[in-house]
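A.B. asks: fold the following for me, if possible:
(one chain, ligands or ions: 2)
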Amino acid sequence: MKTENRLHMKHGKQRTFEGLAVGRGIAIGTVYRHDSRYDVYVREVRISESRVKREQERFAGAARKANLEIEALQVKAKKLPGAAREELGYLLDAYQQMLKGSRLIRGVEKRIRTDRINAEAAVLKEINKMEDAFAAMDDSYLSARIDDIREVGNRLVRCLGMKQAAAFASLPRNAVIVSDELSPADTALLDPKQVAGLATVLGGVESHTAIMARSLALPAVVAAAELTSWARNGDIIIVDGGAGHVILNPSEAVLTQYRKRRANYLRGRRSLDKLRSVPAVTQDGMAITLQANIELPSEIDSVLRSGATGIGLLRSEFLFMNRDDLPGEEEQFNALLHVVKRMDGRPVTIRTLDIGADKLSDALGFEPGPNPALGLRAIRFSLKRRKTLMEQLAAILRAGAFGPVRILLPMVCTVDEVREVRRILNRLAGRLKRKGVRIADPIPPLGIMIEIPGAALAADALAAEADFFAIGTNDLTQYTLAIDRTDETVAYLYNPLHPAVLRLIQFSAEAAAAAGIPVSVCGEMAGDERLTPLLLGLGIAELSMAAGSIPRVKKRVRALNLAAIAGRARRVTSDADPVRLNAFISDMAEA
Ligand code: PEP
Ligand code: MG
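C.D. replies: Ligands and ions are numbered 1, 2, ... in the order given. This next block holds a predicted model:
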């Protein structure tokens, strides 16, 4: 429907779309339609050694199918009049030759084996390589031939039958990804060096796609209704991720205005960078711990640039995405070791698999169940898949021999879950030690996410079992208010400042303080500097957020007098009137 619409619509006119602001900054770039029907995009999936032969056979089958399609076209072409028949006949002959033992076919077969990737990705990679080689020859005849090769490549991908997904393999400069929807796994494939920003029609502010965009410091807007009905590959687009505006085909005047805004924004960010090495201490001398959340080991450079004093949340599930085999203990150990070593003595909190809802993994064969947000996910899933859990814990224990680590369990709901994991962890540590494997000594602290309302209300009991709390306000808000965090149709109700959520945070913080265990907030609230006084006032002295938010939050911390606001923050949770509450919070934000 959308595609048909597009064909009838006039392009080139400036259009503005309002969406939800999820990633600050301004992107000015070229539209790259992730879901376009005019091009083929594929996802790269790593395959195991044992899959190589099967993958090559699958590719050979696709080449045979593509060949049959061309034969059918040749039959049709013969019915065309004179010149057209001849022209098309030559072209189809050329396509057919390309499908039989050509450089393209041989290259793909080899690449499946050497790069150990799926056939679709191998086709696109091979085409890109050929394109580069042809471009270097500087011959206009040959450069035109690359279109033919692409045509054959696209046909092969179609015949392979893979669901179209993101490869983001050949992006234009300053690409702005425009799509109806982008999964967290797709977003994890974006390279911020190539991508300027993103804008989608669906999605919520605290969806993992939005979180990922913030981690990669990409300007991003979601819930921009109708955007994909108008945006075409190659259109100029502005994404104002701070205000939630998307402007398609901007006029010269608007472009100039946004170029200035972008320069101002970048200047502001550079000036904040100067805060990297100053301590996060309030005016009245209270030291606050500011740490980073990461999804991918590749984010470590931006963590180090941000001045984070540690990693407060490593979302390990991203190590399990975009692949069809599981990362074993060794691979996970190496990925974690890299992070631990780069953090050079600063603590790294590693969360065990939080698979489920919008975070899916083909490799785990995860079945989402009838209600994915409430089903067998996160720690519940890990406790059913003991082998996978033990591999992960072993990798963490081993990485912990090289620097301080903490283990964090997602979506804990009962004390039994914590006890069970502690039993497994102790047994595993004993076994590894007996085998002479070098592991963390003593066993790292075992903490839990407080992100289920029931866990927050039972925080006193859980505090007796857990070594620390990390409050996940994204899910805590979702579950307390019964608002799907990824659903833009109810995004207007998603409010971490709802008194119910604030009371649960306060209750958890008090239970942690009473038990003498550390407590942090690692949901997206932690990275919003307007809420820093509120969280600190509620007794939270550790915040973990996207690396890019740390300087802004630090600036806020350094300007605050905690003694002056603590009483006010507590009063917030006893006032259920939303208008007074908002006034209170704005007042505190300015304090
Ligand atoms: C949260 O729920 O607040 C959290 C930090 O975990 P995630 O966003 O990965 O669900
Ligand atoms: Mg969560």
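A.B. asks: dump the residue contacts of the most centrally placed residue in the chain.
C.D. replies: Residue closest to the average C-alpha location in the chain (C-alpha atoms, centre = their mean): Met212, at 3.1 Å. The contact partners of Met212, taken as C-beta atoms under 8 Å, 6 or more residues apart in numbering, are 184, 187-188, 190, 295. C-beta here means a position set from N, CA and C on the backbone, and glycine is covered the same way.
A.B. asks: I'd like those residues as a markdown table, with secondary structure and distance to Val278 appended.
C.D. replies: Listed next are these as a markdown table, based on DSSP: H, G, I helix; E, B strand; the rest coil; distance: C-beta to C-beta, whole Å:
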| residue | secondary structure | distance to Val278 |
| --- | --- | --- |
| Pro184 | helix | 33 |
| Thr187 | helix | 32 |
| Ala188 | helix | 32 |
| Leu190 | coil | 31 |
| Glu295 | coil | 27 |
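A.B. asks: and the residue in the stretch 51-200 of the chain positioned nearest to ligand 1, how many neighbours does it have?
C.D. replies: Here the residue of the stretch 51-200 of the chain nearest ligand 1 is Pro184; by C-beta to the nearest ligand atom that distance is 9.2 Å. Pro184: 23 surrounding residues under other C-beta atoms under 10 Å.
A.B. asks: with Ala136 instead?
C.D. replies: Around Ala136 there are 9 residues (other C-beta under 10 Å).
A.B. asks: spatially, what comes nearest to Gly161 if we skip its sequence neighbours?
C.D. replies: Ala62 (7.7 Å; C-beta to C-beta, 6 or more residues apart in numbering).
A.B. asks: the one you found touches Leu160, doesn't it?
C.D. replies: Yes - using C-beta atoms under 8 Å, Ala62 is in contact with Leu160, at 4.5 Å.
A.B. asks: ok, which stretches of the stretch 51-200 of the chain are helices?
C.D. replies: Along the stretch 51-200 of the chain, counting by DSSP state H, counting those that start in this stretch, helices occupy 52-77, 82-98, 103-115, 119-137, 140-160, 184-188.
A.B. asks: looking at the ones you listed, which is closest to Pro172?
C.D. replies: helix 119-137 (13.4 Å; C-beta to C-beta).
A.B. asks: okay, buried residues for the closest one please.
C.D. replies: Under the neighbour-count criterion of 16 or more other C-beta atoms under 10 Å, helix 119-137 has 119-128, 130-131, 134 buried.
A.B. asks: for stretch 492-511, same thing?
C.D. replies: 494-499, 501-511.
A.B. asks: got the residues of this protein near ligand 2?
C.D. replies: 451, 472, 475 (C-beta under 5 Å from the ion).
A.B. asks: check those one by one and keep those near ligand 1.
C.D. replies: The subset of the residues of the chain next to ligand 2 within reach of ligand 1, by C-beta under 6 Å from any ligand atom, is 451, 472, 475.
A.B. asks: out of the residues you listed, who's nearest Arg406?
C.D. replies: Gly472 (15.0 Å).
A.B. asks: so who does the closest one touch?
C.D. replies: Gly472 neighbours (C-beta under 8 Å, 6+ apart): 410, 449-451, 522-523.
A.B. asks: before we move on, the earlier item: reformat the helices of the stretch 51-200 of the chain as JSON lines; add mean pLDDT and distance to Phe381.
C.D. replies: As requested, these are exported to JSON lines (pLDDT from 0 to 100; distance: least, C-beta to C-beta, whole Å):
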{"stretch": "helix 52-77", "mean pLDDT": "87", "distance to Phe381": "28"}
{"stretch": "helix 82-98", "mean pLDDT": "77", "distance to Phe381": "45"}
{"stretch": "helix 103-115", "mean pLDDT": "92", "distance to Phe381": "30"}
{"stretch": "helix 119-137", "mean pLDDT": "81", "distance to Phe381": "28"}
{"stretch": "helix 140-160", "mean pLDDT": "75", "distance to Phe381": "30"}
{"stretch": "helix 184-188", "mean pLDDT": "75", "distance to Phe381": "17"}
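A.B. asks: for the ones you listed, which one ends up most surrounded?
C.D. replies: helix 184-188 (a mean of 23; mean count of other C-beta atoms under 10 Å).
A.B. asks: just checking, what packs against that one?
C.D. replies: helix 208-215 (3 or more C-beta pairs under 8 Å, 6 or more residues apart in numbering; DSSP states H and E).
A.B. asks: related to what we said a few turns ago, now the ones next to ligand 1 among the residues of the chain next to ligand 2 in a markdown table, with distance to Gly400 and secondary structure?
C.D. replies: Listed next are these as a markdown table, based on distance: C-beta to C-beta, whole Å; DSSP: H, G, I helix; E, B strand; the rest coil:
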| residue | distance to Gly400 | secondary structure |
| --- | --- | --- |
| Glu451 | 24 | coil |
| Gly472 | 22 | coil |
| Asp475 | 26 | helix |
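A.B. asks: in space, what's closest to Leu504 - neighbours in sequence excluded?
C.D. replies: Ala456 (3.8 Å).
A.B. asks: got any ranges where this protein has weak pLDDT?
C.D. replies: 1-11, 35-42, 80-84, 87, 135, 137-145, 147, 162-170, 591 (pLDDT under 70).
A.B. asks: related to what we said a few turns ago, I'd like the contacts of Gly472 as a markdown table, with secondary structure appended.
C.D. replies: Listed next are the contacts of Gly472 as a markdown table, based on DSSP: H, G, I helix; E, B strand; the rest coil:
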| residue | secondary structure |
| --- | --- |
| Pro410 | coil |
| Met449 | strand |
| Ile450 | strand |
| Glu451 | coil |
| Cys522 | coil |
| Gly523 | coil |
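A.B. asks: and of these, the nearest to Pro578?
C.D. replies: Gly523 (19.9 Å).
A.B. asks: what is the neighbour count of that closest one?
C.D. replies: Neighbours around Gly523, by other C-beta under 10 Å: 30.
A.B. asks: so Ala514 touches Ala461, yeah?
C.D. replies: No - contact criterion C-beta under 8 Å: Ala514 and Ala461 do not qualify, at 11.7 Å.
A.B. asks: between those two, which is the more surrounded one?
C.D. replies: More neighbours surround Ala461 than the other of Ala514 and Ala461, with 15 against 11 (other C-beta under 10 Å).
A.B. asks: so which elements touch the helix or strand encompassing the more buried one?
C.D. replies: Here Ala461, judged by DSSP states H and E, is contained in helix 459-463. Using 3+ C-beta pairs under 8 Å, 6+ apart as the contact test, the elements touching helix 459-463 are helix 415-434, strand 446-450, strand 469-471, helix 499-515.
A.B. asks: who are the contact partners of the nearest residue to Ala541 once chain neighbours are set aside?
C.D. replies: Distances taken as C-beta to C-beta, 6+ apart put Ile288 closest to Ala541, at 5.5 Å, once the chain neighbours are dropped. Counting by C-beta under 8 Å, 6+ apart, Ile288 touches 280-282, 536, 541-543, 557.
A.B. asks: switch those over to CSV; also include secondary structure.
C.D. replies: Below are the contacts of Ile288 laid out as CSV (three-state DSSP):
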residue, secondary structure
Ala280, coil
Val281, strand
Thr282, coil
Leu536, helix
Ala541, coil
Glu542, strand
Leu543, strand
Val557, helix
